[in-house]
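**Q** I would like to see how this sequence folds:
(chains A, B, C and D)
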Number of protein chains: 2
Amino acid sequence: MGAGRVPLRYFLLGLLAQEPMSGYDIKQFLKQLGWLIGSPSCGSLYPALRALLKDGLATVDTTQSKGKPLRKVYTLTAAGKQALHRWLGLPATSFTLKDFAMRLLLANHLAPAQVIHHLRQRRADVADHQEHIERAIEVTGTTGSSGRRFALDYALALARAELAWLDGTLSALVRESSRSVVETAV
Amino acid sequence: MGAGRVPLRYFLLGLLAQEPMSGYDIKQFLKQLGWLIGSPSCGSLYPALRALLKDGLATVDTTQSKGKPLRKVYTLTAAGKQALHRWLGLPATSFTLKDFAMRLLLANHLAPAQVIHHLRQRRADVADHQEHIERAIEVTGTTGSSGRRFALDYALALARAELAWLDGTLSALVRESSRSVVETAV
DNA sequence: GCCCGCATGTAAGACGTTACATGATTAC
DNA sequence: GTAATCATGTAACGTCTTACATGCGGGC
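**A** Reported below is the predicted structural model:
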């Protein structure tokens, strides 16, 4: 696989699981999330959708509204849902920001415990990264180019912000899930 | 060009401008910056270095320390420096996080005014993105999947943090550069 | 004896981007 | 009439990743 990255098709599985969509719908939906994940180009999106079809992970429903171009709405099959859950559930080796964002967006397909698990893993990764940067800053001191200091400072600021968000979200989730456990118990 | 992305070779130009390095050195240096930019794989790094050679943008100096494998230290030529400045100076269409980080790391090759300009441009981009996300959050309200809410919230937190860093850094830079202008005037 | 760090390199393949092509409708 | 939106698709291209190959030296 091209990288440790999430190939588009896995992500599409997740989007289609929310609700059947056409290629165009998917582009609009992602555009509307701005940068975080980014909108795939036609050249990758449409072939990826057809690949799902070919692998039996989705079915199409072509509709032709009057005066509109034809739309091909894709729906996940049982096999598709299975593939999605295989992907979401499994190891999830340290993901990049974009990969993490993709999984986050698909959080509602996971049990709360799994969401918490993913967030904790990301937390550990980011904490690692932060430490790494802090060490690099210590080592550098005032030596090194100004660019290097800028970059390290920038990296540190972003890492800290992400950690703060993760901690806040995690504690909210944990509180919520423990409450629901209590409710269930009562 | 594969994407709006910075191909490795431009970035290498910037790294070699700081000081002559071997491929291995470059990997170590970037690893040490952690995630921000990421360390390129051998398969992209070594060919990219030889491409610089081929284009006359760098020269090699092969050294063989006793008992060590041979090292090929690359040095920029005048043409290489020119190419770097062409790249750094020019339009710089809206860059992704990674592209921006690359340029940031190379900030010391730019005049302070240019650095400020790049930061302002990034600021504008991030502010746009933030607004975009805020609108999306308003529109969604409590509808939409929990994953979507998570992702939007996450995106917003990161955008805010980046804006804060940019504002802080910009004001420091502007203060500094105006002081030096005053000093020059005096 | 084995694995890790140093150090460079190649080949095959995956992935995605740009740019182009098509075509109807709606709004200015 | 000219542009933008809806909507799908193809072809060429570039870039990067993985996995492999090579080889010496030092630490356990």
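
**Q** How about the helix or strand where A:A101 lies and DNA strand D, touching?
**A** A:A101 is part of helix A:97-105 when elements are defined by DSSP states H and E. No. Under the criterion of CB under 7 Å from any atom of the strand, DNA strand D is not reached by helix A:97-105; the shortest gap measures 12.0 Å. Placement of C-beta: from N, CA and C, glycine included.

**Q** can you give me phi and psi for the nearest residue in space to A:P20 that is not next to it in sequence?
**A** Spatial nearest neighbour of A:P20, chain neighbours left out: A:T75 (4.1 Å); criterion: CB to CB, 6 or more residues apart in numbering or on different chains. Dihedral angles phi and psi of A:T75 (degrees, to the nearest 10) take the values phi -130, psi 140.

**Q** check whether whichever strand or helix holds A:L84 contacts DNA strand C.
**A** Taking DSSP H and E as the definition, A:L84 sits inside helix A:78-89. No. Remark: helix A:78-89 sits outside contact range of DNA strand C, by CB under 7 Å from any atom of the strand, the gap being at least 11.9 Å.

**Q** what angle do that helix and helix A:97-105 make?
**A** Relative orientation of helix A:78-89 versus helix A:97-105 (axes from the mean of the first three to the mean of the last three CA atoms, to 10 degrees): 120 degrees.

**Q** hmm, back to that, now do the contacts for the residue nearest to A:P20.
**A** A:16, A:20, A:58-61 (CB atoms under 8 Å, 6 or more residues apart in numbering or on different chains).

**Q** Pick the one among those residues closest to chain B.
**A** Nearest to chain B among the contacts of A:T75 is A:L16, at 13.0 Å by CB to the nearest CB.

**Q** can you tell if the strand or helix carrying the closest one touches DNA strand D?
**A** Assessed by DSSP H and E, A:L16 sits inside helix A:8-18. No. Judged by CB under 7 Å from any atom of the strand, helix A:8-18 and DNA strand D are separated, with a smallest distance of 12.6 Å.

**Q** quick one: is whichever helix or strand comes after that helix near chain B?
**A** Counting by DSSP H and E, the next helix or strand C-terminal to helix A:8-18 is helix A:23-31. No. For helix A:23-31, no contact with chain B is found by CB under 8 Å from any CB of the partner chain; the gap never falls below 9.1 Å.

**Q** Mind giving me the packing neighbours of the helix ranked longest in chain A?
**A** Counting by DSSP state H, the longest helix found in chain A is helix A:146-185. For helix A:146-185, the elements it packs on are helix A:112-140, helix B:97-105, helix B:146-185, judged by 3 or more CB pairs under 8 Å, 6 or more residues apart in numbering or on different chains; DSSP states H and E.

**Q** thinking again about what came up before, residues in contact with the helix holding A:L84?
**A** A:10, A:13-14, A:16-17, A:52, A:55-58, A:76, A:103, A:106, A:109-110, A:114.

**Q** Among those, which pair sits farthest apart?
**A** A:G56 and A:Q114 (25.7 Å; CB to CB).

**Q** higher neighbour count, these two?
**A** The residue with more neighbours, out of A:G56 and A:Q114, is A:Q114; 15 against 12, by other CB atoms under 10 Å in any protein chain shown.

**Q** From B:M102, how far off is that one?
**A** Look at A:Q114 and B:M102: by CB to CB, to the nearest Å, they are 35 Å apart.

**Q** hmm, back to that, most packed of the helices and strands packed on helix A:146-185?
**A** helix B:97-105 (a mean of 23; mean count of other CB atoms under 10 Å in any protein chain shown).

**Q** if we can go back for a sec, and the contacts of helix A:78-89, which are buried?
**A** Neighbour-count burial (16 or more other CB atoms under 10 Å in any protein chain shown) applied to those gives A:10, A:13-14, A:16-17, A:52, A:57-58, A:76, A:103, A:106, A:109-110.

**Q** What is the nearest of the residues you listed to A:R160?
**A** A:R103 (21.6 Å).

**Q** How about the contacts made by the residue lying closest to that closest one once chain neighbours are set aside?
**A** Counting by CB to CB, 6+ apart, A:R103 lies nearest to A:H118, which is 6.0 Å off, once chain neighbours are set aside. Contacts for A:H118 (CB under 8 Å, 6+ apart) come out as A:92, A:100, A:103-104, A:107, A:110.

**Q** any chance of the residues you listed in JSON lines, plus distance to A:A159 and pLDDT?
**A** Output for those, formatted as JSON lines (distance: CB to CB, whole Å; pLDDT from 0 to 100):
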{"residue": "A:A92", "distance to A:A159": "20", "pLDDT": "66"}
{"residue": "A:F100", "distance to A:A159": "13", "pLDDT": "91"}
{"residue": "A:R103", "distance to A:A159": "19", "pLDDT": "91"}
{"residue": "A:L104", "distance to A:A159": "17", "pLDDT": "93"}
{"residue": "A:A107", "distance to A:A159": "22", "pLDDT": "92"}
{"residue": "A:L110", "distance to A:A159": "24", "pLDDT": "91"}
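
**Q** can you put those in JSON lines and add distance to B:Y24?
**A** Formatted as JSON lines, the contacts of A:H118 follow (distance: CB to CB, whole Å):
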{"residue": "A:A92", "distance to B:Y24": "31"}
{"residue": "A:F100", "distance to B:Y24": "30"}
{"residue": "A:R103", "distance to B:Y24": "34"}
{"residue": "A:L104", "distance to B:Y24": "36"}
{"residue": "A:A107", "distance to B:Y24": "40"}
{"residue": "A:L110", "distance to B:Y24": "41"}
